[in-house]
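A.B. asks: Got a predicted structure here, sequence first:
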Amino acid sequence: MKEALEGCNQFFNLPMEEKMEFEGKDIWKPIRFGTGVDVNVEKFFYWRDFLKAYVHPQFNFPNKPKGFRETGEEYCKRAREVITELLKGISESLGLEESYIEKAMNLESGWQMFVTNLYPICPQPELAMGLPSHTDHGLLTLLIANEIGGLQIQRNGKWLNVNPLPNCLLVNTSDHLQILTNGRYKSIRHRAVVNNKATRISIAVPFGPSLDTVVSPAPELIEGESNRPAEYMPMKYKDYMELTLEGIPCLDRVRLPVA
Ligand SMILES: O=C(O)CCC(=O)C(=O)O
Ligand SMILES: [Fe+2]
């Protein structure tokens with residue numbers, strides 16, 4: 001984890017021209033760098049640089065700084081293993097067989113991203129936001145950060161600080177876990193705030209279904225004893241991602257009206 005964060009730090013320390021090689025607006029570009037520090041959105045600034053790489057089923061990653069690609073590949077592989085294990089436990093918690101989610105979501109060719117965020121020291125943190133309120137689109141996201149706080153999660157309408165703990169993995173539940181479990185697991189709304197004392201770096205590794213999987217609530221969870229009607233309509237993961245990455249919050253779009 002330390003090595004991965006250090007690799008990200010070194011990447012962000014590269015000269016701007018070298019990072020700008022990866023700059024682009026196309027959401028399907030396999031490696032994308034962006035700097036948001038000068039973007040004015042409503043009355044807030046997004047005080048963040050980011051690097052996003054699509055790392056599974058194909059592994060795409062910057063080949064600099066030296067060693068970063070190898071560290072990234074190892075980190076992503078282990079993150080996939082951790083998430084796959086957690087999803088086994090979640091399947092069982094729903095009364096389903098252990099490999100249910102793995103099979104139904106085609107995780108063998110599941111879609112994984114590596115996202116690293118750099119939040120520089122911000123002279124006026126009250127006027128800026130690191131990353132605005134959102135939910136992640138996959139099944140689960142593994143999150144780590146250097147030991148600087150900034151992540152907040154929403155609970156009962158209130159924003160709560162997540163205190164950083166050293167050597168700790170944070171797991172966020174995401175939209176497709178909510179859809180698949182017909183709302184039994186809720187996608188966690190979160191955001192990142194900035195501060196005027198120290199630079200924060202985080203790595204988010206979301207893992208989700210394969211892009212061509214059409215996700216709908218598991219039939220086992222909408223019939224039988226629970227007698228709970230399906231709350232979400234089916235949508236191909238790729239179509240959902242396109243809407244999300246264009247900035248359209250789409251959990252509400254696939255939600256079916258309750259009779
Ligand atoms: O920086 C953080 O703690 C949050 C990052 C995040 O939510 C994301 O990249 O989706
Ligand atoms: Fe997120």
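C.D. replies: Alright, I've got the coordinates. Numbers count the residues shown, from 1 in each chain. Ligands and ions are numbered 1, 2, ... in the order given.
A.B. asks: Contact partners for the residue lying closest to Ala104 once chain neighbours are set aside?
C.D. replies: Distance criterion C-beta to C-beta, 6 or more residues apart in numbering; nearest residue to Ala104, sequence neighbours excluded, is Ala218 at 6.7 Å. Backbone N, C-alpha and C define where each C-beta goes, glycine included. Residues near Ala218 by C-beta atoms under 8 Å, 6 or more residues apart in numbering: 94, 96, 100, 104, 180-182.
A.B. asks: change it to 10 Å
C.D. replies: Contacts for Ala218 (C-beta atoms under 10 Å, 6 or more residues apart in numbering) come out as 91, 94, 96, 100-101, 104, 179-182, 184, 230.
A.B. asks: ok, now how distant is Glu21 from ligand 1?
C.D. replies: Separation of Glu21 from ligand 1 (C-beta to the nearest ligand atom, to the nearest Å): 21 Å.
A.B. asks: what's near enough to touch that residue?
C.D. replies: Per C-beta under 10 Å, 6+ apart, neighbours of Glu21: 14, 31, 33, 62, 64.
A.B. asks: Just to check, the third one is in contact with Glu17?
C.D. replies: Just to be clear, that refers to Phe33. No: the criterion here is C-beta atoms under 10 Å, and Phe33 misses it with Glu17 at 11.4 Å.
A.B. asks: ok, back up a step: give me the buried subset of the contacts of Ala218.
C.D. replies: Buried members of those, counted by 16 or more other C-beta atoms under 10 Å: 91, 94, 96, 100-101, 104, 179-182, 184, 230.
A.B. asks: re earlier: if you rank the contacts of Glu21 by neighbours, which is first?
C.D. replies: Among the contacts of Glu21, Phe33 has the most neighbours (other C-beta atoms under 10 Å), with 23 neighbours.
A.B. asks: Excluding residues flanking it in the chain, which one is nearest that one?
C.D. replies: Residue nearest to Phe33 in three dimensions, not counting chain neighbours: Phe22, with 3.9 Å by C-beta to C-beta, 6+ apart.
A.B. asks: ditto for Arg189
C.D. replies: Per C-beta to C-beta, 6+ apart, closest to Arg189 is Gln154, 4.1 Å.
A.B. asks: Run me through the strand neighbours of the helix or strand that contains the one you found, direction for each.
C.D. replies: For Gln154, the host element (DSSP states H and E) is strand 151-155. Strand 151-155 has the following strand partners under DSSP bridges: strand 158-161 (antiparallel), strand 190-192 (antiparallel).
A.B. asks: that older thread, reformat the contacts of Ala218 as a markdown table; add pLDDT, secondary structure and distance to ligand 1.
C.D. replies: Output for the contacts of Ala218, formatted as a markdown table (pLDDT from 0 to 100; DSSP: H, G, I helix; E, B strand; the rest coil; distance: C-beta to the nearest ligand atom, whole Å):
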| residue | pLDDT | secondary structure | distance to ligand 1 |
| --- | --- | --- | --- |
| Ser91 | 98 | helix | 24 |
| Leu94 | 95 | coil | 25 |
| Leu96 | 95 | coil | 27 |
| Tyr100 | 97 | helix | 26 |
| Ile101 | 98 | helix | 21 |
| Ala104 | 97 | helix | 24 |
| Ile179 | 96 | helix | 18 |
| Leu180 | 96 | helix | 19 |
| Thr181 | 96 | coil | 20 |
| Asn182 | 94 | coil | 24 |
| Arg184 | 94 | coil | 22 |
| Ala230 | 90 | coil | 27 |
